[in-house]
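Visitor: requesting a structural model of the entry that follows:
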Amino acid sequence: MNDHRERDPSAVALTPRRRVLAAAVPVLAGGAATALSAGPARAVASVRRDPIRPLRTAAGDWRAVAGALGRPGNMMGAFDYHTAFLRTDLKVISDGVTVMPGLALGSHVGFVRYADGSSMVMGDLVATEDELQQMMDALQAHGFMQTAIHKHLLAHTPDLWWTHAHARGGDPVALARGLRAALDATQTPMDVQSAAHEPVDLDTAGIDAALGVKGYSEDGVYKCIFVRRETITDEGLVLPPGLGSTSALNFQPLGEGQAAINGDLVMIADEVNDVLAALRQGNIDIVGLHNHALADDPRLFFTHVWAVGDAVTLARALRRAVSATNTTPRTTPRT
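Guide: Residues are numbered from 1 along each chain as shown. Next up is the predicted model:
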C-alpha cells in the first residue's frame, strides 16, 4: 500500500487565502464537507517556500473514486487520474456543424494525491442553461469552489455553459461523491464510455507535421495536446504536467479533408495578444479569453477557438499561435 494512504488527512496546511475561503466554502474531508485544519503559521510559511508535490499513482489506486463517480477513468501520465463524461444526450449545432460530443461536449475531472496526505480535484463540467444553476448549487453544497463559468462555443443551440470546479480534502472518495452529485443535477449520461482510438477521416499525418505534435484519435475526433514548460502551482500545490495547463486542440472530420476545430490555448499574460493576433491572422475565431483557476502561479489565461476549413491549413495556423507560447507537445500516453 502506498505511504500516502496512511497519512492523517487532517494534517494539511492551508495558505492564508485558503483559510479565508474555508470559512465560506468548506473542503471535503473524511466523507463530509468539513474544513481542513489551517495549521500553525510556520507550516503555512513552509508551503510558500516549498510547494507540495504530487504523488505517483496508478489506476488501481483510484478504484474507490471510480466507484463513487460511477465509471472507470485512466491515468494521464504518472499523477493525474482522469475521467470524462460525454454529453451524448445533446444535439448541438454551431456554425451549421453538428458538434460531436468528443469535440466539445465533455465534462472532464482530474484527481491528484499529494505528499501531505491531501487529494485535489479539478473539473470542467458542461451544463445546459436550464441545468447550470442546479449544478452550481450541488457543487457549492459539497464544498467545491467554482473557478470559472463561460462558453466554449460561439452561437450554438441549445445554449451550453462550462463551469470549472476545484476542491481539496483528505478523502478523494468524498470529492468524487460531490462531483457525482453535480453531474446528477444534469442529464449527463452515466453509462457512456469513451470510444476506442479508431482512425478518423482526416490527414492526421499532415496535421501532426503542421502542428509539430503526435495527436491521437478518440471519440471520433483527432486531439493534439501541448503542456506548459513551467512548474505551475495552485494554492501551494504543484500541478502535474498538463493538469489545468494544457493547450488542447480537437479536429472533427467533416469529409474531403475538412474539419471543425475547437479547443483552447493556455497562455501567460505576456503571450496573450501575440496568440490572439496569430489566431486571427489564420482566420480562426476567438470564442473567449478567461482564466480557469483562482490561484494559479504563474497566472494562466485561456482562449477558446473555433474554425471550419481544411484541417491541415488550420493546423498550420494553430501552429503559429502555439509557437507564441512556452509549451511543448505532450508525449506521455494515457494508461
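
Visitor: domain ranges for the chain, per the record?
Guide: Listed by automatic domain parsing, the domain ranges of the chain are 1-194, 195-335.

Visitor: possible to save those as a markdown table with mean pLDDT and mean neighbour count?
Guide: Yep, even glycine has a C-beta here, placed from its N, CA and C like the rest. As requested, those are arranged in a markdown table below (pLDDT from 0 to 100; neighbours: other C-beta atoms under 10 Å):
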| stretch | mean pLDDT | mean neighbour count |
| --- | --- | --- |
| domain 1-194 | 81 | 18 |
| domain 195-335 | 94 | 19 |
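
Visitor: immediately after the one helix or strand Trp161 maps to, which helix or strand?
Guide: For Trp161, the host element (DSSP states H and E) is strand 160-169. Note on strand 160-169: by DSSP H and E, the next helix or strand toward the C-terminus is helix 172-184.

Visitor: so what does that next one touch, helix or strand wise?
Guide: Applying 3 or more C-beta pairs under 8 Å, 6 or more residues apart in numbering; DSSP states H and E, one finds that helix 172-184 makes contact with strand 28-29, helix 63-69, strand 106-113, strand 119-128, helix 129-141, strand 160-169.

Visitor: let's have these in JSON lines, adding distance to Leu294.
Guide: Output for the helices and strands packed on helix 172-184, formatted as JSON lines (distance: least, C-beta to C-beta, whole Å):
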{"stretch": "strand 28-29", "distance to Leu294": "18"}
{"stretch": "helix 63-69", "distance to Leu294": "24"}
{"stretch": "strand 106-113", "distance to Leu294": "17"}
{"stretch": "strand 119-128", "distance to Leu294": "11"}
{"stretch": "helix 129-141", "distance to Leu294": "14"}
{"stretch": "strand 160-169", "distance to Leu294": "8"}
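
Visitor: residues contacting Ala84?
Guide: The contact partners of Ala84, by C-beta atoms under 8 Å, 6 or more residues apart in numbering, come to 73, 106-108, 194.

Visitor: got it, and Thr303?
Guide: 264-265, 267, 272, 275-276, 279, 286-289.

Visitor: which stretches in the stretch 151-300 of the chain count as helices?
Guide: For the stretch 151-300 of the chain, applying DSSP state H, counting those that start in this stretch gives helices covering 172-184, 204-211, 272-281.

Visitor: starting at the chain centroid, how far to the last one?
Guide: What that stands for is helix 272-281. 23 Å (C-alpha atoms, centre = their mean, to the nearest Å).

Visitor: need the contact partners of that helix.
Guide: 265, 267, 286, 289, 301, 303, 305, 317-318, 320-321, 323-325.

Visitor: may I have that helix exported as CSV, CA atoms only?
Guide: Taking C-alpha atoms only, helix 272-281 is exported to CSV below (Å, rounded to 0.1, in the frame of the first residue of the first chain):
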residue,chain,number,x,y,z
VAL,A,272,-2.0,36.6,-24.8
ASN,A,273,-2.0,39.3,-27.5
ASP,A,274,0.6,37.5,-29.7
VAL,A,275,-1.6,34.4,-29.6
LEU,A,276,-4.8,36.3,-30.4
ALA,A,277,-3.1,38.0,-33.3
ALA,A,278,-1.8,34.7,-34.7
LEU,A,279,-5.2,33.1,-34.5
ARG,A,280,-7.0,35.9,-36.3
GLN,A,281,-4.3,36.0,-39.0
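
Visitor: thinking again about what came up before, in JSON lines, list the helices of the stretch 151-300 of the chain along with distance to Ile52.
Guide: As requested, the helices of the stretch 151-300 of the chain are exported to JSON lines (distance: least, C-beta to C-beta, whole Å):
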{"stretch": "helix 172-184", "distance to Ile52": "15"}
{"stretch": "helix 204-211", "distance to Ile52": "34"}
{"stretch": "helix 272-281", "distance to Ile52": "29"}
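
Visitor: out of those, the one nearest Thr233 is which?
Guide: The closest of the helices of the stretch 151-300 of the chain to Thr233 is helix 172-184. By C-beta to C-beta, the value is 19.5 Å.
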